[in-house]
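Participant: how does the following fold in three dimensions:
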Amino acid sequence: MEDDNLTILDLENIILTGRIVERQKDRQRHETKIVIRGRTLDGREAEAVVKVGPSGALYVITVYLV
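Facilitator: Numbers count the residues shown, from 1 in each chain. Next up, the predicted model:
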């Protein structure tokens with residue numbers, strides 16, 4: 001996030017207004033990562049890669065500009 005000058009508010013906007021573009025299955029860990037494409041607060045297109053933990057918590061793996 002820091003490399004692309006993205007803030008936590010940008011991340012929130014990407015997740016809340018974006019759409020799921022891909023689901024990636026990890027065969028070893030049996031986890032699913034989700035790629036969400038959305039827009040930052042200033043309108044730039046970005047993606048967030050997230051996963052849902054066993055407790056239902058959302059874990060952010062990475063966020064980057066497209």
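
Participant: what ranges does this structure have for its helices?
Facilitator: 8-17 (DSSP state H).

Participant: quick one: the strands in the chain?
Facilitator: In order along the chain, the chain carries the following strands (DSSP state E): 19-26, 31-39, 45-52, 58-65.

Participant: quick check: most distant residue from the centroid of the chain.
Facilitator: Most distant from the centre of the chain: Gln28, at 21.3 Å, with distances by CA atoms, centre = their mean.

Participant: contacting residues around the most centrally placed residue in the chain?
Facilitator: For the chain, Ala48 is the residue whose C-alpha lies nearest the centre (CA atoms, centre = their mean; 1.9 Å). Under the criterion of CB atoms under 8 Å, 6 or more residues apart in numbering, the contact partners of Ala48 comprise Leu11, Ile14, Ile15, Gly18, Val35, Ile36, Gly38, Val60, Thr62, Val63. Any C-beta I mention is one placed from the backbone N, CA and C, and that applies to glycine too.

Participant: counting neighbours, what do you get for the second one?
Facilitator: Burial of Ile14 is recorded as 24 neighbouring residues (other CB atoms under 10 Å).

Participant: and it, what does it touch?
Facilitator: Contact analysis of Ile14 by CB under 8 Å, 6+ apart lists Ile36, Arg37, Gly38, Arg39, Thr40, Ala46, Glu47, Ala48, Val63.
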